[in-house]
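J.: fold the following, please.
(chains A and B)
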There are 2 protein chains.
Amino acid sequence: MSSTTHPNISVLGQHVLLELYECPIDLLRSPMHNERVLLAAATALGAQVIESRFHTFSPYGNSGVVIIAESHLTIHTWPEYGYAAVDVFSCGELDLAAGIEELKTGFQAKRSEERYIERGINLSEI
Amino acid sequence: MSSTTHPNISVLGQHVLLELYECPIDLLRSPMHNERVLLAAATALGAQVIESRFHTFSPYGNSGVVIIAESHLTIHTWPEYGYAAVDVFSCGELDLAAGIEELKTGFQAKRSEERYIERGINLSEI
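T.: Prediction:
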């Protein structure tokens, strides 16, 4: 996989942890909607989709993953809390802001939180 | 999905970001080895495996995901840097320490870093 070079440090992956709150329950309960939104986000990111897999659990809640050439997107939903945990992991030059916006609007989140985390920091180069 | 309740806050998921450094290149390059280790880690966690999907990219590097009833494990490897980024996302009562140990030993990492992140914190309850 490719690497992104910053001054003094070498970062191999960019990982966004996205918390989506106060989403309509029907959107979170639908695995088809989940897959549609994650694929739309992958397109907005400019990613190359390899495959997607989605599962529904009892009594409620879905899990899904979209494997992209540049790493992955995942989602886990708790419809009963109006909440979804979404991850966007990228090792390429993707448009993270566009992808995140697609996810927020796709699930109609009234509140959200994003954490950007660098993965694979080569401490020996700092 | 189920929730874990702590004093004063409601946490829905536990997410471990694991960085594995200085791993033997042959172990990181083998998608079969990657899958074997992640499935062993799922067993050590006490998780219920739903399915696993692994891909190899050119010129090198693998991506893999194990979907478990309690959420997921993912891996992305950069053999050329001796590095793997592994995620363990759990919404259940799993043995995270045992799973992490299995991942470290399975890839013979000489150095590693773990970050434990709570997902889905209900701020209104703090």
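
J.: use CA for all of it now, contacts and neighbours both
T.: Will do.

J.: which residue packs closest to A:Arg119, ignoring adjacent ones?
T.: Of all residues not flanking A:Arg119 in the chain, A:Gly13 sits nearest, at 4.8 Å (Cα to Cα, 6 or more residues apart in numbering or on different chains).

J.: count of residues packed around that neighbour?
T.: Neighbour count of A:Gly13, defined by other Cα atoms under 10 Å in any protein chain shown: 24.

J.: you'd agree it is up against A:Leu94?
T.: No: using Cα atoms under 8 Å, A:Gly13 is not in contact with A:Leu94, being 11.0 Å away.

J.: following the lengthiest helix in chain A, which helix or strand comes up?
T.: As assigned by DSSP state H, the longest helix anywhere in chain A is helix A:31-45. Sequence-wise, the next helix or strand downstream of helix A:31-45 (DSSP states H and E) is strand A:49-56.

J.: strands along chain A, start to end?
T.: In chain A, the segments counted as strands under DSSP state E are A:4-6, A:9-11, A:13-21, A:49-56, A:62-68, A:71-78, A:83-90, A:111-119.

J.: quick one: which of those strands is nearest B:Tyr60?
T.: With respect to B:Tyr60, and counting by Cα to Cα, the nearest of the strands of chain A is strand A:71-78 at 13.1 Å.

J.: if we can go back for a sec, just send the strands of chain A back as CSV, with mean pLDDT too.
T.: Listed next are the strands of chain A as CSV, based on pLDDT from 0 to 100:
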stretch, mean pLDDT
strand A:4-6, 48
strand A:9-11, 75
strand A:13-21, 97
strand A:49-56, 96
strand A:62-68, 96
strand A:71-78, 97
strand A:83-90, 97
strand A:111-119, 96
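
J.: please list the residues of chain A that sit near chain B.
T.: Residues of chain A found near chain B (Cα under 8 Å from any Cα of the partner chain) are A:1, A:19, A:57, A:59-61, A:63, A:67, A:69, A:71, A:76-78, A:83-85, A:119-120.
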